[in-house]
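Colleague: pasting the sequence and the predicted coordinates here, then a few questions.
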Amino acid sequence: MFHRKISAASIIVVLLLMAMKVSAENKVLLIGIDGVQYERILALNTPSFDRLNLIKAYTGGVQWHKSEQRTVSGPGWATIMTGVWKNKHNISSNDDGAANNYWPSIYRYIYNANNQAKIYGFSTWGPIHTKFFIGDMDILTRHAEGGSDDDNLNRTLQVLKHESPDFIFLHLDEPDAAGHSHGHGQAYDDSILRSDRRLGLLLDEVENRELQLGENWLVLVTTDHGRDAWGKGHGSQTQKEKTIFIASNKPLNSNYKQVAAVPNNSFGGLYNEPAQTYIVPTILSFLNIMNDEHWGLDGLPLIGSITATKVYVDIGGKKCGLEWDTNAGTPITLTKNEHVAKFDCDGNADPLFIRGNKIYTNIHGSGCSLQWDVDKGTPLTLEENEHVAKFDCAGHADLMQINSYGMTTTINDTSCGFQWDADAGTPVTLGRNEHVAKFDCIGSPDAMELSELKVE
Ligand SMILES: [Zn+2]
């Protein structure tokens, strides 16, 4: 008997060590090539890109929404490095200073998970390091800014050959410079072909490490923006400028569309593709350091399965699903980052990500979290003890307790139950089948039914 106990314990220890070993050997190389059009990669003979899974993606946020940002390098790289749009990272041009550190960079996320991690960043376009993420430079094992693409390629190859990197970001700039000087044509295409050859050298070195050292590498290649019709400029909201790509040596999950598609078919359906914001969550998921907070980012992981949940309540015998409302709050006193939470009795419910005791959803390409509102409802017809439930797309989630009775949150030290409101929304502009969701700090929570949806 005693002997058996020891074996069981040993097996668990061995399994734990194996799990740790696997995650310790997961490494990431993120390569950004400035201003490369997805369409030109498809048109040209690019043998190194052909070694990867290449998917279309978008940048520039969602037009007319709070996430909209210019299709230029500053906001683009800030989004690639943080997983959020301009309304969160605060970089709206190439000349801004430090990004909002409330939404950290991928460098910082990796360092926070393991302060022994060997993190490298080599950026031909300097401002990524000298301005936006200058506060992260002291956590990098080594970094460089400026110089030529070949300088920074060689720095990266040396690290891959001789050191033990956990994460490397390499920024290459040549295609963007060629585009600005010459527009579309031979010079621009040649710059992409040279980038493809550099990519090939990097992939060879990564595959060599995998063979020699048994490491498991995720390689991601992306760009910050497309180009206008002439190839010289970029910055606007057009399909050519908003279209980017994400290429990877791993298969990428495309089923996130079932849980986070943007309800908007502009730009040839581009919003049905993943966004630039998906890169950080994908890296976090691959490195097994994705935690509850990361579901508040503006993208979802393209690696690993995703479980979403739909929440329903029974209102007068009808099954009513928890949804967000597109109205940015008028006439309730919500900010432009906030959306009213409501129950819709047409039978639909929006997919939610219930992670620990926080609840997130994706609204128009932005990560938003369930919160209560401090305002006691005016001009809504709520009572003193009641608080509007809302999804906030800029702040962190409020803590929720979900149990078999329903859901509660704590407001000013009082436990408040999640409920629907009998009023059909007036003066909020809700439809006849819709009910405001609220937290009631006197009554008990309404019973909820949860339905899980797993996509992989
Ligand atoms: Zn440019």
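Modeller: Yep, that arrived. Residues are numbered from 1 along each chain as shown.
Colleague: so what's the residue count around Ser48?
Modeller: Other residues within reach of Ser48, judged by other C-beta atoms under 10 Å, total 19. The C-beta positions use only the backbone N, C-alpha and C, and glycine is treated the same way.
Colleague: now swap in Asn288 and tell me
Modeller: The burial count assigned to Asn288 is 14, neighbours taken as other C-beta under 10 Å.
Colleague: could you check the pLDDT of the residue of the stretch 151-300 of the chain found nearest the ion?
Modeller: Shortest the stretch 151-300 of the chain-to-the ion distance, computed as C-beta to the ion: residue-wise this is Asp176, at 4.2 Å. Predicted confidence (pLDDT) for Asp176: 98.
Colleague: quick check: it touching Thr71?
Modeller: No - with contacts counted by C-beta atoms under 8 Å, Asp176 stays clear of Thr71, the gap being 11.8 Å.
Colleague: pick out whichever of those two has more residues nearby.
Modeller: Neighbour comparison, Asp176 and Thr71: the larger count goes to Thr71, with 27 against 23 (by other C-beta under 10 Å).
Colleague: quick one, what contacts the more buried one?
Modeller: Thr59, Gly60, His225, Gly226, His234, Gly235, Ser236, Gln237, Glu241, Lys242 (C-beta atoms under 8 Å, 6 or more residues apart in numbering).
Colleague: now do the SS call for the third one.
Modeller: Each residue gets one of three states, and His225 gets coil by DSSP: H, G, I helix; E, B strand; the rest coil.
Colleague: so what's it up against?
Modeller: His225 makes contacts with Gly35, Thr59, Gly60, Thr71, Val72, Ser73, Gly76, His234, Gly235, Glu241, Lys242, Ile244, as judged by C-beta under 8 Å, 6+ apart.
Colleague: run the last query once more with 6 Å
Modeller: With contacts defined as C-beta atoms under 6 Å, 6 or more residues apart in numbering, His225 is in contact with Thr59, Thr71, Gly76, His234, Glu241.
Colleague: and the spatially closest residue to Val262 that is not a sequence neighbour, how many neighbours?
Modeller: Excluding its sequence neighbours, the residue lying closest to Val262 (C-beta to C-beta, 6 or more residues apart in numbering) is Tyr271, at 3.9 Å. Tyr271 is flanked by 19 other residues according to other C-beta under 10 Å.
Colleague: part of a helix, is Tyr271?
Modeller: Yes - the assignment for Tyr271 by three-state DSSP puts it in a helix.
Colleague: how close does it sit to Lys240?
Modeller: Taking C-beta to C-beta, to the nearest Å as the measure, Tyr271 and Lys240 are separated by 15 Å.
Colleague: doesn't Ala341 lie inside a strand?
Modeller: Yes - residue assignment for Ala341, taken from three-state DSSP, places it within a strand.
Colleague: can you list the residues of the stretch 151-300 of the chain near the ion?
Modeller: With the criterion set to C-beta under 5 Å from the ion, the stretch 151-300 of the chain comes near the ion through Asp176.
Colleague: again, only this time at 8 Å
Modeller: Proximity of the stretch 151-300 of the chain to the ion, by C-beta under 8 Å from the ion, involves residues Asp176, Ala177, Gly179, His180, His225, Gly233, His234.
Colleague: so Tyr58 makes contact with Leu270?
Modeller: Yes - in terms of C-beta atoms under 6 Å, Tyr58 counts as a neighbour of Leu270; the distance is 4.7 Å.
Colleague: and these two? which has more neighbours close in?
Modeller: Taking other C-beta under 10 Å, Tyr58 and Leu270 do not tie; Tyr58 has more neighbours (25 against 21).
Colleague: quick one: contacts for Thr141?
Modeller: Taking C-beta under 6 Å, 6+ apart as the definition of contact, the neighbours of Thr141 are Lys118, Ile119, Tyr120.
Colleague: who does the second one bridge with?
Modeller: Going back to what we said before, that points to Ile119. Each beta-bridge partner of Ile119 is listed here, defined by DSSP bridges: Phe167.
Colleague: ok but Asp190 is inside a helix, no?
Modeller: Yes - with three-state DSSP as the criterion, Asp190 is assigned to a helix.
Colleague: how close does it get to Leu44?
Modeller: Computed with C-beta to C-beta, the distance linking Asp190 and Leu44 is 10 Å.
Colleague: now swap in Arg70 and tell me
Modeller: Taking C-beta to C-beta as the criterion, Arg70 is separated from Leu44 by 27 Å.
Colleague: low-confidence ranges in the stretch 351-456 of the chain?
Modeller: Residues of the stretch 351-456 of the chain that meet the criterion pLDDT under 70 lie in 372-386, 388, 420-436, 443.
Colleague: same check, this time on the stretch 1-150 of the chain
Modeller: Under the criterion pLDDT under 70, the flagged ranges of the stretch 1-150 of the chain are 1-24.
Colleague: only the buried residues of stretch 163-177, if you could.
Modeller: Judged by neighbour count using 16 or more other C-beta atoms under 10 Å, the buried positions of stretch 163-177 are 165-177.
Colleague: how many neighbours does His339 have?
Modeller: Under the criterion other C-beta under 10 Å, the count of neighbours that His339 has is 23.
Colleague: before we move on, what's the pLDDT of it?
Modeller: 73.
Colleague: Asn291 too?
Modeller: At Asn291, the pLDDT value in this model is 91.
Colleague: repeat for Lys336
Modeller: 66.
Colleague: does Phe391 belong to a helix or a strand, and which?
Modeller: Secondary structure here is read from DSSP states H and E; on that basis Phe391 sits in strand 386-392.
Colleague: what's next to that strand, contact-wise?
Modeller: Contacts of strand 386-392 from elsewhere in the structure, counted by C-beta under 6 Å, 6+ apart, are 324, 337-341, 361, 368-373, 377, 411, 437-440.
Colleague: just the buried subset of these, written out for PyMOL, thanks.
Modeller: The buried residues among these can be selected in PyMOL (16+ other C-beta under 10 Å) with this line:
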select buried, resi 324+337+338+339+340+341+361+368+369+370+371+372+373+377+411+437+438+439+440
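Colleague: let's see which of the contacts of strand 386-392 end up in helices.
Modeller: Of the positions in the contacts of strand 386-392, not one sits in helices, assigned by DSSP state H.
Colleague: so which of the contacts of strand 386-392 belong to strands?
Modeller: Filtering these for membership in strands, criterion DSSP state E, returns 324, 338-341, 361, 368-372, 411, 437-440.
Colleague: Arg197 versus Asp150, what's the distance?
Modeller: 11 Å.
Colleague: try Cys393
Modeller: For Cys393 relative to Arg197 (C-beta to C-beta), the value is 41 Å.
Colleague: picking up where we left off before, what's the overlap in contacts for Tyr58 and Leu270?
Modeller: Lys242.
Colleague: what sits against the residue nearest to Gly32 when sequence neighbours are not counted?
Modeller: On the basis of C-beta to C-beta, 6+ apart, the spatially nearest residue to Gly32 that is not a chain neighbour turns out to be His171, at 4.7 Å. The contact partners of His171, by C-beta under 6 Å, 6+ apart, come to Gly32, Ser123, Thr124, Trp125.
Colleague: 7 Å instead, please
Modeller: The contact partners of His171, taken as C-beta atoms under 7 Å, 6 or more residues apart in numbering, are Gly32, Asp34, Ser123, Thr124, Trp125, Ile128.
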